[in-house]
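J.: I'd like to go over a predicted model; first the sequence, then the structure.
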Amino acid sequence: MAADEVLRRMFEAAVDAALPAKVVPAFLPEPPRGRTVVVGAGKASAAMAQAFEASWRGPLSGLVVTRYGHAVPCERIEIVEAAHPVPDAAGEAAASRMLALVADLGPDDLVVALISGGGSALLALPAKGVTLADKQAVAKALLRSGATIHEMNAVRKHLSRIKGGRLAAAAYPARVVALLVSDVAGDDLSVIASGPTVPDPSTFADARAILARYGIEPPAAVRRHLDGAADETPKPGDERLKNVTNRLIATPQRSLEAAAEVARRAGYAPLILGDAIEGEAREVGRVLAGIAKAAKAHGHPLKAPCALLSGGETTVTVRGDGKGGRNVECLLSFAIAIEGAPGIHALMADTDGVDGAEEVAGAFVGPDTLARARAEGLDPRAFLKNNDAHTLFALLDDQIVTGPTLTNVNDLRAILVD
């Protein structure tokens, strides 16, 4: 089997291991004596709602917000689409309605929260005194800064009326069961979609420090709120969260293990380097290239034929005006670093099917990638400098185009060494 086909099947297996239709039914909560209300947010939340609805035998109602293009039909749960990664008015309205849905529930009622990556932008309900435009300005600045998802979400939680445990607190005294698809390093529940059902260990001081670290001067209303707000997010031990259960139903590690099994069956010894690798995308690409070259030349950390896998979420500090994509930026940096080394192929892609550019999950590279680019008069280093890897891979016809996969367990980086 050709290396590119093995890589594609590895990616498909990683996505398949996290599909809501396969993972949601195993985590259904006990039915309540009272009402069942479903709420949720994230790129996978509509597919999660569909899977939950199909498996739930009792009455239910609810509202879930997902990214534009990620909706699927449901009969009893309303699906709303909104913007990601910069929030919009549709997300703001949906978040406000969610709080209202859970606000009048009692101890016999059940709230099922379907949470996945992307929920932070989709649950856009600004704190008092902060406007949606203010939040949009901060979101854009953070996205361009190179801040990690942990840092971005610490700020988001402190500009919100629904994140950082506030959704679950609003539902008290109802029982809350949250089903979560993890897209964050270390599966930190408080970071997935900014933890709307999870106690928040971060503080207003942390949010201020993060903005200062990246030289971000927020709008005046945001500065006033972060400097003067007294209403902290719910912390561990908060009475309003005592009836909450959070359950991880899909994780990056499980998807990496599924991809590793495909590699093993294809004759490659797999090695998972980690499920929580972070850092500047182009730097991570160079590091992975060094590991691949060491495996090829010295048999370390594994003898060829081998497959080197990793997950997590890199960041991109935007300096150019290209089409972006953290996975393709990492991959282009990797390709430049291996400089046509024979027997090394790689795929890097986002499991949600969208790596910055709509419909495009990521791309492939092989020993001939740079040579083919230069034969077409293309300078790979110039594309990298301009944060424009998507354009280069499109011109080379090396993109992985899936459209929304309706799940999200972060990035898959797979390298085959023959």
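T.: Arrived safely. Numbering: from 1, shown residues only.

J.: strands of this structure, residue ranges please.
T.: In the chain, the strands defined using DSSP state E lie at 36-41, 61-67, 77-82, 110-116, 175-181, 244-250, 269-274, 306-312, 344-350, 360-365, 399-401, 411-417.

J.: report all helices and strands that the third one contacts.
T.: Using 3 or more CB pairs under 8 Å, 6 or more residues apart in numbering; DSSP states H and E, the elements in contact with strand 77-82 are helix 45-55, strand 61-67, helix 89-103. All C-beta spots, glycine's among them, are computed from the backbone N, C-alpha and C.

J.: chain center to that strand: distance?
T.: Centre-to-centre, strand 77-82 and its host chain are 19 Å apart (CA atoms, centre = their mean, to the nearest Å).

J.: please identify the buried residues of the longest helix along the chain?
T.: Using DSSP state H, we find that the single longest helix of the chain is helix 281-298. Of all the residues in helix 281-298, those buried under the rule 16 or more other CB atoms under 10 Å are Ala281, Arg282, Val284, Gly285, Val287, Leu288, Ala289, Ile291, Ala292, Lys293, Ala295, Lys296.

J.: then stretch 377-396?
T.: Judged by neighbour count (16+ other CB under 10 Å), stretch 377-396 contains these buried residues: 380, 383-384, 386-394, 396.

J.: just flag the most distant two among these.
T.: Distance extremes for the buried residues of stretch 377-396: the farthest pair is Asn387 and Leu396 at 17.2 Å, using CB to CB.

J.: now do Asn408 against Glu92, distance only.
T.: Relative to Glu92, Asn408 is positioned 21 Å away (criterion: CB to CB, to the nearest Å).

J.: I should have written Phe27 there, sorry.
T.: When distance is defined by CB to CB, Phe27 is 29 Å away from Glu92.

J.: check Leu101 too.
T.: Distance from Leu101 to Glu92, counting by CB to CB: 15 Å.

J.: same thing with Val64?
T.: From Val64 across to Glu92, the span is 15 Å (CB to CB).

J.: low-confidence stretches in the stretch 301-418 of the chain?
T.: Scanning the stretch 301-418 of the chain for pLDDT under 70 picks out 357.

J.: try it again with 80
T.: Low-confidence segments of the stretch 301-418 of the chain, defined by pLDDT under 80, span residues 357-358.

J.: where does the stretch 101-250 of the chain dip in pLDDT?
T.: 229.

J.: the helices in it, which residues?
T.: Taking DSSP state H, counting those that start in this stretch, the helices of the stretch 101-250 of the chain run over residues 119-122, 132-145, 149-157, 166-171, 204-213, 220-228.

J.: ok, Asn408 and Glu92, which is more surrounded?
T.: Counted by other CB atoms under 10 Å, Asn408 and Glu92 do not tie: Asn408 has more neighbours, with 31 against 21.

J.: wait, isn't the more buried one in contact with Ala361?
T.: No. Counting by CB atoms under 8 Å, Asn408 sits too far from Ala361 to count as a contact (11.3 Å).

J.: find residues that contact each of these two.
T.: Asp350, Thr351, Asp352 (CB atoms under 8 Å, 6 or more residues apart in numbering).

J.: thinking again about what came up before, Arg224: which of the buried residues of stretch 377-396 is nearest?
T.: Arg224 has its nearest neighbour among the buried residues of stretch 377-396 in Asn387, at 33.2 Å by CB to CB.

J.: quick one: the longest helix of the chain to strand 360-365, angle?
T.: Our comparison of helix 281-298 with strand 360-365, counting by axes from the mean of the first three to the mean of the last three CA atoms, to 10 degrees, yields an angle of 30 degrees.

J.: please name every helix or strand in contact with helix 281-298.
T.: If contacts are counted by 3+ CB pairs under 8 Å, 6+ apart, helix 281-298 sits against strand 306-312, helix 326-338, strand 344-350, strand 411-417.

J.: out of the ones you listed, nearest to Ala141?
T.: Here helix 326-338 is closest among these (CB to CB), at 17.1 Å.

J.: any idea how far that closest one is from the chain center?
T.: Chain-centre distance of helix 326-338: 20 Å, with CA atoms, centre = their mean.

J.: export that helix as PDB, just CAs?
T.: Extracted as PDB, the C-alpha positions of helix 326-338 are listed here (Å, rounded to 0.1, in the frame of the first residue of the first chain):
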ATOM      1  CA  ARG A 326      -1.700  25.600  11.900                       C
ATOM      2  CA  ASN A 327      -1.400  22.000  10.600                       C
ATOM      3  CA  VAL A 328      -0.300  23.000   7.100                       C
ATOM      4  CA  GLU A 329       2.200  25.500   8.500                       C
ATOM      5  CA  CYS A 330       3.600  22.800  10.700                       C
ATOM      6  CA  LEU A 331       3.700  20.400   7.700                       C
ATOM      7  CA  LEU A 332       5.400  22.900   5.400                       C
ATOM      8  CA  SER A 333       8.100  23.600   8.000                       C
ATOM      9  CA  PHE A 334       8.500  19.800   8.300                       C
ATOM     10  CA  ALA A 335       8.900  19.500   4.600                       C
ATOM     11  CA  ILE A 336      11.500  22.200   4.400                       C
ATOM     12  CA  ALA A 337      13.500  20.700   7.300                       C
ATOM     13  CA  ILE A 338      13.600  17.100   5.800                       C
END
